[in-house]
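could you look at this predicted model? Sequence included:
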Protein chains: 2
Amino acid sequence: MSTNAYPRTSRGVARREQILRAAEAMIGAQGFSAASIADITRHAKTALGTFYIYFSSKEDVFRELVLEMGQLTRAVITQAVAGAPNRLEAERAGLKAFLRFVVERPSLYRIVEEARFIDAEAYKAYFTSFAKAYAAQLNDAAAAGELRPGDAEVRAWALMGIAKTLGERYVLWDDTSDIDHVVDEAFSMIRDGLAP
Amino acid sequence: MSTNAYPRTSRGVARREQILRAAEAMIGAQGFSAASIADITRHAKTALGTFYIYFSSKEDVFRELVLEMGQLTRAVITQAVAGAPNRLEAERAGLKAFLRFVVERPSLYRIVEEARFIDAEAYKAYFTSFAKAYAAQLNDAAAAGELRPGDAEVRAWALMGIAKTLGERYVLWDDTSDIDHVVDEAFSMIRDGLAP
DNA sequence: TTGAAATATGAATCAGTATTCATGTTTTAT
DNA sequence: ATAAAACATGAATACTGATTCATATTTCAA
């Protein structure tokens, strides 16, 4: 059929989800090119052809996973940051929440990073939109005197870079139980770098 | 022949270099899987089979390019940092030199990042060794009172993250002529984050 | 209950491309 | 000058894996 139309039965909904999760696991573990459709359907305990009932291509599932990761990351961070008394505390909370999220969904993290090479547009759109919202927050905080004035966009990208790299090093490579230490050390640098 | 032994004639040396440069251009532009050996040899103006005289596989050239990028980056930064009067100025100079290097060799930058998915060990080795040397410098500087005390390793990774991400955003995506502005803004954050 | 729509199956198709190899050509050492 | 070693060539091989499709089976509305 080769569509990726939304399923009309609950069985269909469940199958699609099975396949999506299997794709997350396989692509996350082996990478986009190494993970075959056969791997994915085997892991989803379904037939090869079933894949193409729900997704039109391998790129298609991949794109959906990138989208999913974007929504989840935003949701997780937004929620973590919600209760912070000020912007600096929000930075700490956001960084910690991000690293915890990477612990929980390492495959999605890898998928987003690989998107740079598989679907560059999706990757760029994801980070650009994230950065835009992030910069707006930093701008507001600076206007309110909570941060030293400065180029919010450059700051947003720099802070995103810190989070991405620490996530890779201290979560994906080295499943350190001491995420709090990493957050504290990085945050003390960020705090003094941004405080008014 | 399928070796990657070093060539014994000057013609061989030149051919190998041609192919290496073509591989840099093709893989850098299209990515590892999209760039075919045929693309590479066509661009190098040589026959398909010649590739296998100098490299044993596509992964093999790729690995060599990653190695090369590692050496070059180190050399560029080491040299840029050499004249700095203190560690903070070294940070500024290092960041600027890195971004300038990305302007000159965007393909090599992309190759190193893609290495995470093609040759994870090479990628990890590259950054781990870089981070180790970087952290040692930061440690010395902190001991000398040039930086506030703190976990040098976490700092090194955070600073590498800033450089990588700004390079991607402001050089690869947006060939901004205003690298200096980006450096200044990022540096002012780094400076206050690290200053004693 | 029943037939049309939706979903499931996996063997067969199809395309792409990494790698090899048998055969020339060029270089180098003597 | 000459033979051995290096190097060059590109058609042929070999293999992988994405996508299709004809054929079941299941679901659901009427």
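Ah, there it is. This structure is a prediction, so every number in the text was calculated from the model and none was measured. Residues are numbered from 1 along each chain as shown, chains lettered A, B, ... in the order given.

beyond the one helix or strand residue A:91 maps to, next helix or strand please.
Element membership of residue A:91 [criterion: DSSP states H and E] is helix A:87-104. Using DSSP H and E, the helix or strand that follows helix A:87-104 towards the C-terminus is helix A:106-118.

state the distance from residue A:169 to residue A:10.
Taken as Cβ to Cβ, to the nearest Å, the spacing of residue A:169 relative to residue A:10 amounts to 42 Å. Placement of C-beta: from N, CA and C, glycine included.

show me what from chain A comes close to DNA strand C.
Taking Cβ under 7 Å from any atom of the strand as the contact definition, chain A meets DNA strand C at A:1, A:5, A:7-9, A:11-12, A:15, A:46-50, A:52-53.

please enumerate the helices of chain A.
Listed in chain order, the helices of chain A (DSSP state H) span A:10-30, A:37-43, A:51-54, A:58-82, A:87-104, A:106-118, A:120-143, A:152-167, A:179-194.

which of the ones you listed is buried the deepest?
Highest mean neighbour count of those: helix A:152-167, a mean of 23 (counted as mean count of other Cβ atoms under 10 Å in any protein chain shown).

tell me which residue of chain A lies closest to DNA strand C.
residue A:49 (1.7 Å; Cβ to the nearest atom of the strand).

can you put the helices of chain A in TSV and add mean pLDDT and distance to residue B:40?
Shown next, in TSV, are the helices of chain A (pLDDT from 0 to 100; distance: least, Cβ to Cβ, whole Å):
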stretch	mean pLDDT	distance to residue B:40
helix A:10-30	97	25
helix A:37-43	98	28
helix A:51-54	97	32
helix A:58-82	96	24
helix A:87-104	97	35
helix A:106-118	94	17
helix A:120-143	96	21
helix A:152-167	98	31
helix A:179-194	95	41
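
turn these into a markdown table, including distance to DNA strand D.
Converted to a markdown table, the helices of chain A look like this (distance: least, Cβ to the nearest atom of the strand, whole Å):
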| stretch | distance to DNA strand D |
| --- | --- |
| helix A:10-30 | 5 |
| helix A:37-43 | 4 |
| helix A:51-54 | 4 |
| helix A:58-82 | 4 |
| helix A:87-104 | 26 |
| helix A:106-118 | 12 |
| helix A:120-143 | 16 |
| helix A:152-167 | 27 |
| helix A:179-194 | 35 |
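
now those helices in a markdown table, with distance to chain B?
Written out in a markdown table, the entries for these read as follows (distance: least, Cβ to the nearest Cβ, whole Å):
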| stretch | distance to chain B |
| --- | --- |
| helix A:10-30 | 10 |
| helix A:37-43 | 16 |
| helix A:51-54 | 20 |
| helix A:58-82 | 12 |
| helix A:87-104 | 10 |
| helix A:106-118 | 5 |
| helix A:120-143 | 7 |
| helix A:152-167 | 3 |
| helix A:179-194 | 3 |
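
of all those, which one is nearest residue B:134?
helix A:152-167 (12.2 Å; Cβ to Cβ).

how far does the closest one sit from its chain's centre?
Put simply, helix A:152-167 sits 13 Å off its chain's centre (Cα atoms, centre = their mean, to the nearest Å).

now swap in stretch A:166-174 and tell me
Centroid separation between stretch A:166-174 and its chain, computed with Cα atoms, centre = their mean, is 14 Å.

endpoint to endpoint, it covers what distance?
Its first and final residues considered, stretch A:166-174 spans 10 Å by Cα to Cα, to the nearest Å.

just the buried residues of it, please?
A:166, A:167, A:168, A:169, A:170, A:171, A:172 (16 or more other Cβ atoms under 10 Å in any protein chain shown).

quick one: the fourth one and residue B:22, what's the gap?
Same thing as residue A:169. In this structure, residue A:169 and residue B:22 are 33 Å apart, going by Cβ to Cβ.

then the third one?
Counting by Cβ to Cβ, the gap between residue A:168 and residue B:22 amounts to 30 Å.

residue contacts, the closest residue to residue A:146 other than its chain neighbours?
What sits nearest to residue A:146 in space, not counting adjacent residues and going by Cβ to Cβ, 6 or more residues apart in numbering or on different chains, is residue A:87, at 4.5 Å. Applying Cβ atoms under 8 Å, 6 or more residues apart in numbering or on different chains, we find residue A:87 in contact with A:137, A:138, A:141, A:144, A:146, A:147, A:194.

give me the neighbour count for the fourth one.
Per other Cβ atoms under 10 Å in any protein chain shown, the neighbour tally for residue A:144 reads 11.

now for it: which residues touch it?
residue A:87.

now with 10 Å, please.
Residue A:144 sits next to A:86, A:87, A:196 when contact means Cβ atoms under 10 Å, 6 or more residues apart in numbering or on different chains.

pretty sure residue A:80 is touching residue A:183, no?
No - shown here, residue A:80 and residue A:183 do not form a contact pair, counting by Cβ atoms under 10 Å, at 11.6 Å.

anything in contact with each of these two?
Common contacts of residue A:80 and residue A:183, defined by Cβ under 10 Å, 6+ apart, comprise A:92, A:93, A:95, A:96, A:97, A:98, A:100.

now for the nearest residue to residue A:115 once chain neighbours are set aside: which residues touch it?
Computed as Cβ to Cβ, 6+ apart, the closest residue to residue A:115 that is not its neighbour in sequence is residue A:123, at 4.0 Å. Residues near residue A:123 by Cβ under 10 Å, 6+ apart: A:66, A:70, A:112, A:113, A:114, A:115, A:116, A:117, B:168.

pLDDT score assigned to residue A:174?
Reported pLDDT at residue A:174 in the predicted model: 88.

so how far is residue B:129 from it?
Taking Cβ to Cβ as the measure, residue A:174 falls 15 Å from residue B:129.

repeat that for residue A:127.
Summarising the geometry, the distance separating residue A:127 from residue B:129, computed by Cβ to Cβ, is 27 Å.

these two touch, right, residue A:170 and residue B:157?
Yes - in this structure, residue A:170 is within contact of residue B:157 by Cβ under 10 Å, at 7.6 Å.

now the common contact residues for the two.
Residues touching both residue A:170 and residue B:157 (Cβ under 10 Å, 6+ apart) are A:182, A:186.

could you pull up phi and psi at the closest residue in space to residue A:18 that isn't next to it in sequence?
Leaving aside its sequence neighbours, residue A:18 sits nearest to residue A:44 (Cβ to Cβ, 6+ apart; 4.5 Å). When quoted as degrees, to the nearest 10, the phi and psi of residue A:44 stand at phi -90, psi 0.
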